[in-house]
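# Okay, structure incoming, though there's no sequence with it:
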């Protein structure tokens, strides 16, 4: 498999994992888990699991000094704590499809910030692709045509903040990759975010919520949000930028909108119109088409060299 194929595959895995996240968030919310508690478990479980994984596979990534620790804490607080909380707020107040499309605004932020952080060109082809996918995302979210969508101001704002946070999750590890290993940033970023979120947690309430949730349901949902939708998703996302441009990773994440909407339709019985189906087709066509039109293989810059 070529490096570019690896990058694309990892980006698609990210999209699928993020797209199904609403299943686990809503399930835990039904058992009175708060948005902050859900975000804490996402970071703590992802950080703990990835720490153990690296301990046996790549222990050198766990070596850290004070400077790196501070960077990781800042990275975790900005990219994960804020982003995770805002997503939980968004998906709990507005339909999953709308929350997902607001998260997909991240390619716009990635394209703009990537221009300044890495000198990535705002290629006409990429901007057209982002615009096409954004049109599809608007259709998928059912913002056109009304339907049964109920929009909430706080939910919308949280979704926008989440989109910015997702962009930072993609960009910051790549920015620091020339000096630090991505795995180091990821594992301590997760754990750092968990520490930050811990200060807002009432653990006596958490214990009550856990005792009131069926054991099987609790384990499955914590595994879903912590391992699948956080560790697997975010590691895949960051690893993807080792092989392809950050903008390409964010464009392929558009497929998350399709997955999120299908989840809303199949699991939560959210209404799906013909316009939404059309939007899904447009998104897939735009994301796939951007790769078909590409004539040159991606050659990573020095800051993208795999460590």
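That came through fine. These numbers were taken from a predicted model, which means no experiment stands behind them.
# Could you name the specific helix or strand carrying residue 46?
Using DSSP states H and E, residue 46 falls within helix 35-57.
# SS state for residue 242?
The assignment at residue 242 comes out as coil when based on DSSP: H, G, I helix; E, B strand; the rest coil.
# That one: how many residues sit nearby?
The criterion is other CB atoms under 10 Å. On that basis, residue 242 has 20 neighbouring residues. (C-beta placed from N, C-alpha, C; glycine too.)
# Read off the pLDDT value for it.
Predicted confidence (pLDDT) at residue 242: the value is 84.
# Same check on residue 6?
Per-residue confidence (pLDDT) for residue 6: 90.
# Does residue 126 touch residue 250 like I think?
No. Using CB atoms under 8 Å, residue 126 is not in contact with residue 250, being 9.7 Å away.
# Of all the residues in the host helix or strand of residue 235, which ones are buried?
Assigned by DSSP H and E, residue 235 belongs to helix 233-240. When burial is assessed from 16 or more other CB atoms under 10 Å, helix 233-240 yields the following buried residues: 233, 234, 235, 236, 237, 238, 239, 240.
# just checking, next helix/strand downstream of it?
Sequence-wise, the next helix or strand beyond helix 233-240 is helix 246-252, with elements assigned using DSSP H and E.
# So which residues make contact with that following helix?
Outside helix 246-252, the residues within contact range by CB atoms under 8 Å, 6 or more residues apart in numbering are 7-8, 10-12, 14-15, 106-107, 110-111, 114, 118, 120, 126, 129-130, 133, 166-167, 170-171, 174, 237, 240-241, 286-287, 290, 298.
# Produce a PyMOL select command limited to the buried residues of those.
Burial among the contacts of helix 246-252 is assessed by 16+ other CB under 10 Å; the matching PyMOL selection reads:
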select buried, resi 7+8+10+11+12+14+15+106+107+110+111+114+118+120+126+129+130+133+166+167+170+171+174+237+240+241+286+287+290
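# so of the contacts of helix 246-252, which ones are in helices?
Secondary structure defined by DSSP state H assigns 7-8, 10-12, 14-15, 106-107, 110-111, 114, 126, 129-130, 133, 166-167, 170-171, 174, 237, 240, 286-287, 290 of these to helices.
# so for the helix or strand encompassing residue 99, what's the average pLDDT?
Element membership of residue 99 [criterion: DSSP H and E] is helix 96-103. Mean pLDDT, helix 96-103: 70.
# same question, stretch 156-173
On average, stretch 156-173 scores 83.
# For residue 78, give me its contacts.
With CB under 8 Å, 6+ apart, residue 78 has these contacts: 165, 168, 172.
# still on that earlier bit, where do the contact lists of residue 126 and residue 250 overlap?
Common contacts of residue 126 and residue 250, defined by CB under 8 Å, 6+ apart, comprise residue 111.
# which one of the contacts of residue 78 is nearest residue 207?
Minimum separation from residue 207 among the contacts of residue 78 (CB to CB) is found for residue 165, which lies at 28.6 Å.
# That closest one and residue 82 touch, don't they?
Yes. Applying CB under 8 Å as the test, residue 165 and residue 82 come out as touching, 5.3 Å apart.
# Show me which helix or strand of this structure is least confident by mean pLDDT.
With mean pLDDT, DSSP states H and E as the measure, the helix or strand of the chain carrying the lowest mean pLDDT is helix 96-103 (a mean of 70).
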